[in-house]
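Peer 1: task: produce atomic coordinates for the following.
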Amino acid sequence: MENLITTEKIAGKRNRGQQRITFVKSLCHLLKQLIKSVKDRFFGANSSELCSSSAFQTCINCQIDETSIRLDGCMRQQCQDVSLQNRQKYNFQNELSEVLKIKSRVTSLVVTNSPLSEIPSMICSLSNILDLSIDSSCLKVLPDGCINKLKTLRKLSLQNNQIEYLQKGLFDGLNDLEEIILKNNKISSVHDDVFSNETDLLSLKKIDLSFNSLTNVDAWVFVRAMSGHETIVDLDSNNISNFSNRKKWFFTCKKYNKRFLSHQLNLDNNQLKHITDLAIYFPALTDTLCFFGRRTYTKVEIGLYNNPIKCDCVDYKVITITRSLFQSIFDGVHCQKRFQPIPIKFMVIPVEELQCDMDQCTDGCACKEIPFYKSMYINCNFNHMSNLPVMLPVKTKTWNFSMFHYNLTFSHNSIETIDERFYFNNTVVLDLSYNKITKIDLQVFKSLKVLQELHLHSNFLTTVPRDFLKNDSRMLKHISLHNNSWDCSCGNKWLKQWMMNLWNQSITLLTPDSVLCRTPGSLSGRSLFSVSEEEFCPKPSRLLISLLIPLLTGVLLLLALFVLIKKFKVELNTYLNIHLLDRDECIGENMIYDAFVSCSYSDRRRGIELVRLMEGKGYHVCYHEKDFIGGQSIAANIVEAITFSKRVVCLLTSNFLKSTYCMFEFQTSLHRNIELKRKRLIVLLDESVEVDEDVLPNDVHNFLTTHTYIELSSNKWTHQLFYSLPLNPIQLKVVHQDTDYSVASDDVSLITI
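Peer 2: Model (predicted):
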């Protein structure tokens with residue numbers, strides 16, 4: 001028993017001794033670690049020791065010293081690898097943070113091909129950093145309030161990552177920063193405030209955002225040029241298709257006149273279609289000249305290689321201005337045109353080829369704008385048209401519409417009559433060949449005042465009015481009349497001389513040898529110019545003369561009677577109530593009123609007198625004070641009054657021309673005249689209105705010079721008015737009661753007021 005107790009005591013002493021040894025060893029290890037940590041903190045860790053970390057063992061190159069850290073080729077997998085995200089990424093990030101705690105005074109940190117998906121927070125506290133490069137890694141988002149703390153930073157490179165956007169405030173206050181390299185990321189958005197502050201980033205010389213996904217950039221691409229030193233903005237190989245100016249920044253010579261400018265803007269390999277888009281930052285041409293090198297201390301280069309530049313009318317001004325001044329700037333720009341295998345240089349393309357498709361083109365037509373000719377080309381060939389279109393495009397993309405004219409082609413259609421159209425005033429070329437036109441209306445051609453070319457060949461014309469092109473063709477240079485059904489009978493013998501006189505008017509008759517006779521049969525197929533006067537009017541036989549004399553006498557008597565009736569038709573209507581030549585009674589149109597009286601409120605008393613005068617003859621008259629529906633819009637009331645009235649009587653005074661509503665009533669009535677092909681607009685012209693093209697609006701002047709009107713100064717104006725009104729007044733179903741118009745009871749004359 002004693003031996004057993006002695007043995008146990010000896011074993012207990014041995015265990016306690018072993019525990020003391022283990023404790024001492026642990027304490028020694030801790031002391032070694034503490035000494036190593038203090039040594040690393042104050043004297044720096046050994047580079048080989050730091051690079052031997054498990055996170056850095058895969059790096060191809062690892063260099064760590066007191067002022068710089070370089071880690072190259074530290075990733076063997078793709079950023080999308082799930083296992084990489086779970087292991088290597090966090091190990092590398094944590095180990096790098098530990099190294100930065102030790103090497104917090106480094107001036108250069110270069111990390112390439114690493115698993116970093118975010119910038120370690122320790123980087124944000126590197127107070128001495130000059131060069132920060134994290135390239136070919138897995139960065140997606142740049143943290144707020146981090147990079148802008150690195151006040152000593154001069155170069156920042158984050159290329160070949162997966163960054164998607166640059167947010168506001170990212171680089172604020174970094175006035176020592178000279179380069180920002182963000183090449184080959186996925187950046188699709190740059191906040192407008194990142195680079196647009198002229199008083200910030202004062203040392204920034206280069207911004208590289210090439211090979212990203214930008215589609216739009218703002219004014220900052222030019223704001224950076226205002227720094228006073230050489231600047232480069234590289235946006236190569238993005239998807240930029242347009243520029244915006246949300247910051248409302250503009251370059252003006254007055255503001256930046258003394259500023260040194262040396263700016264390179266690389267926009268190669270993007271999706272820009274118009275160079276004119278750059279002009280949104282330059283309010284005036286002088287500002288553009290000032291920026292692009294009219295001074296010796298300015299050097300601006302813009303790269304636009306391999307963009308799908310349309311070279312259409314939108315860039316017409318740019319080409320004409322820059323061709324002689326800034327040719328070198330756009331020397332590498334080529335036009336991308338369809339059906340053109342070899343791209344042509346932007347600066348050598350013929351300016352007459354710059355054209356645009358126009359909006360709101362007539363169905364089935366091709367509408368193009370060519371600013372070199374100041375023309376709008378409307379081509380409606382083979383469009384199955386039976387009438388000329390009422391409307392044509394009026395909006396241009398380059399110059400003001402008033403500076404443009406129409407070049408109209410309506411050939412190979414089924415047009416039978418040439419109706420009056422508003423666009424004739426600006427038409428210089430009118431092609432109506434290969435249609436079914438049988439006659440010419442002189443009134444219509446009076447509005448074609450600037451016409452230079454007229455093509456009427458291949459129609460069914462047998463003759464033209466004798467006064468056609470007599471006084472209204474000062475601008476006309478060419479006319480085609482061949483391949484028509486010309487009547488070469490005796491009554492038309494003057495036609496030959498008329499065509500020959502065109503030469504005396506400096507008008508060229510195209511293809512004169514093809515102007516052939518169709519009738520009479522004896523002359524069919526003969527050139528009209530080869531027919532002699534005797535062939536036009538062969539001598540008739542005595543029997544034929546004896547038959548023709550009574551026939552012609554009867555015709556002449558009927559013609560004389562017709563002329564007399566036509567001449568004295570107003571008197572016949574006044575005294576005998578006879579309308580022999582009037583046909584427009586608006587039958588079947590369910591009209592409500594015989595006439596709608598349109599006059600200015602300033603002429604109210606005269607208008608009311610006119611209403612009373614017409615109602616005294618039994619006519620049902622529409623007047624706004626008694627017939628417009630309350631609560632309904634004025635425009636709707638006007639349209640309804642015109643639509644449901646057989647006639648519109650306009651009291652055309654100087655006050656009428658000043659009234660917006662009166663002019664609306666006139667234009668609506670005129671449009672309805674054209675639409676219905678009727679003449680239902682009656683104008684009572686006051687002495688205060690002078691028929692002068694410089695005074696009157698175009699539509700009013702055109703109407704007064706192409707239509708008859710009634711002068712209030714005439715003694716017979718009331719007779720003319722009642723002759724122009726419908727023959728049969730509308731029979732009202734209820735008894736008409738006089739309306740109190742609240743005017744003075746004294747007798748008022750339409751002429752004297």
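Peer 1: now do stretch 252-260: everything it contacts.
Peer 2: 226, 228-229, 283-284, 286-287, 290, 297-298 (C-beta atoms under 8 Å, 6 or more residues apart in numbering). (Glycine included, C-beta is placed from N, CA and C.)
Peer 1: model confidence over it, on average?
Peer 2: Averaging pLDDT along stretch 252-260 gives 81.
Peer 1: before we move on, what about stretch 112-123?
Peer 2: Mean predicted lDDT for stretch 112-123 stands at 90.
Peer 1: same check, this time on stretch 166-184
Peer 2: 95.
Peer 1: same question for that stretch: list its buried residues.
Peer 2: Using 16 or more other C-beta atoms under 10 Å as the test for burial, stretch 166-184 gives 166, 170-171, 174, 176-184.
Peer 1: give me the distance between the two termini of it.
Peer 2: 14 Å (C-alpha to C-alpha, to the nearest Å).
Peer 1: which stretches of the stretch 351-500 of the chain form helices?
Peer 2: 442-445, 494-501 (DSSP state H, counting those that start in this stretch).
Peer 1: could you dump those into a markdown table and include mean pLDDT and distance to Pro120?
Peer 2: Formatted as a markdown table, the helices of the stretch 351-500 of the chain follow (pLDDT from 0 to 100; distance: least, C-beta to C-beta, whole Å):
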| stretch | mean pLDDT | distance to Pro120 |
| --- | --- | --- |
| helix 442-445 | 85 | 83 |
| helix 494-501 | 90 | 93 |
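Peer 1: can I assume Ile479 is in contact with Leu454?
Peer 2: Yes: Ile479 is within contact range of Leu454, at 4.8 Å (criterion: C-beta atoms under 8 Å).
Peer 1: between these two, which is the more surrounded one?
Peer 2: Leu454 (24 against 19; other C-beta atoms under 10 Å).
Peer 1: okay, domains of the protein per the record?
Peer 2: Here the domain parsing of the chain from automatic domain parsing is 356-526, 542-576, 593-724.
Peer 1: hey, least reliable of those domains by pLDDT?
Peer 2: Of all the domains of the chain, domain 542-576 has the smallest average pLDDT, which comes to a mean of 70.
Peer 1: can you tell me which of the buried residues of stretch 166-184 lies closest to Pro729?
Peer 2: Nearest to Pro729 among these is Leu166, at 79.0 Å by C-beta to C-beta.
Peer 1: settle this for me: that closest one is touching Asp192, isn't it.
Peer 2: No: taking contacts as C-beta under 8 Å, Leu166 lies outside contact range of Asp192: 10.5 Å.
Peer 1: and the gap between Phe628 and Leu610?
Peer 2: Separation of Phe628 from Leu610 (C-beta to C-beta, to the nearest Å) stands at 17 Å.
Peer 1: compare those two (neighbour count), which wins?
Peer 2: Leu610 (22 against 16).
Peer 1: which phi and psi does the closest residue to that one other than its chain neighbours have?
Peer 2: Among residues not flanking Leu610 along the chain, Val597 sits closest, at 5.7 Å (C-beta to C-beta, 6 or more residues apart in numbering). Main-chain torsions, Val597, degrees, to the nearest 10: phi -90, psi 120.
Peer 1: repeat that for the one 5 residues further on.
Peer 2: Taking degrees, to the nearest 10, you get phi -70, psi -20 for the backbone angles of Ser602.
Peer 1: make sure it is actually in contact with Asn655.
Peer 2: Yes: applying C-beta under 8 Å as the test, Ser602 and Asn655 come out as touching, 4.0 Å apart.
Peer 1: settle it for me: which of the two has more neighbours?
Peer 2: Asn655 (19 against 16).
Peer 1: tell me if I'm right that the more buried one and Arg605 touch.
Peer 2: No: if you go by C-beta under 8 Å, Asn655 and Arg605 don't touch, sitting 11.7 Å apart.
Peer 1: which pLDDT value belongs to the nearest residue to Val314 once chain neighbours are set aside?
Peer 2: The shortest distance from Val314 to any non-neighbouring residue, by C-beta to C-beta, 6+ apart, is to His274 (4.8 Å). His274 carries a pLDDT value of 89.
Peer 1: Asn387 versus His274, what's the distance?
Peer 2: As judged by C-beta to C-beta, His274 and Asn387 stand 37 Å apart.
Peer 1: relative to Asn184, how far out is the closest residue to Gln88 other than its chain neighbours?
Peer 2: Residue nearest to Gln88 in three dimensions, not counting chain neighbours: Pro115, with 4.8 Å by C-beta to C-beta, 6+ apart. Plainly put, Pro115 is 18 Å away from Asn184 if you go by C-beta to C-beta.
Peer 1: now swap in Leu495 and tell me
Peer 2: Plainly put, Leu495 is 78 Å away from Asn184 if you go by C-beta to C-beta.
Peer 1: the spatially closest residue to Thr511 that is not a sequence neighbour - how many residues pack around it?
Peer 2: Leaving aside its sequence neighbours, Thr511 sits nearest to His482 (C-beta to C-beta, 6+ apart; 4.6 Å). Neighbours of His482 under the rule other C-beta under 10 Å: 19.
Peer 1: if I look at His482, how far off is Glu416?
Peer 2: Applying C-beta to C-beta, the value for His482 to Glu416 is 19 Å.
Peer 1: rewinding a little: His274 and Asn387: who's more crowded?
Peer 2: Neighbour count, other C-beta under 10 Å: between His274 and Asn387, His274 has more, with 18 against 15.
Peer 1: thought the more buried one was touching Pro308?
Peer 2: No: between His274 and Pro308 there is no contact under C-beta under 8 Å: 10.1 Å.
Peer 1: what is in contact with those two at once?
Peer 2: With C-beta under 8 Å, 6+ apart, His274 and Pro308 have no common neighbours.
Peer 1: and Glu353, how many neighbours does it have?
Peer 2: Glu353: 14 neighbours (other C-beta under 10 Å).
Peer 1: looking at this, Lys255 is in a helix?
Peer 2: Yes: counting by DSSP: H, G, I helix; E, B strand; the rest coil, Lys255 falls inside a helix.
Peer 1: returning to that earlier point: quick check: the residue nearest to Leu610 touching Tyr623?
Peer 2: Yes: when contacts are counted by C-beta under 8 Å, Val597 is listed as touching Tyr623 (5.2 Å).
Peer 1: quick check: neighbours shared by these two?
Peer 2: Taking C-beta under 8 Å, 6+ apart as the contact rule, Val597 and Tyr623 both touch 607, 611.
Peer 1: which residue packs closest to Ile710, ignoring adjacent ones?
Peer 2: That would be Gln720: by C-beta to C-beta, 6+ apart, it lies 4.8 Å from Ile710.
Peer 1: three-state assignment of that neighbour?
Peer 2: Under three-state DSSP, Gln720 comes out as helix.
Peer 1: thought it was touching Tyr709?
Peer 2: No: using C-beta under 8 Å, Gln720 makes no contact with Tyr709, being 9.5 Å away.
Peer 1: what about the two, which has more around it?
Peer 2: Between Gln720 and Tyr709, counting by other C-beta under 10 Å, Gln720 is the more crowded of the two (19 against 16).
Peer 1: neighbours of Ile642, just the number please.
Peer 2: 21.
Peer 1: that one should be in a strand, yeah?
Peer 2: No: applying three-state DSSP, one finds Ile642 to be helix, outside a strand.
Peer 1: Val597 is in contact with that one, correct?
Peer 2: No: using C-beta under 8 Å, Ile642 makes no contact with Val597, being 11.3 Å away.
Peer 1: brilliant, that's me finished.
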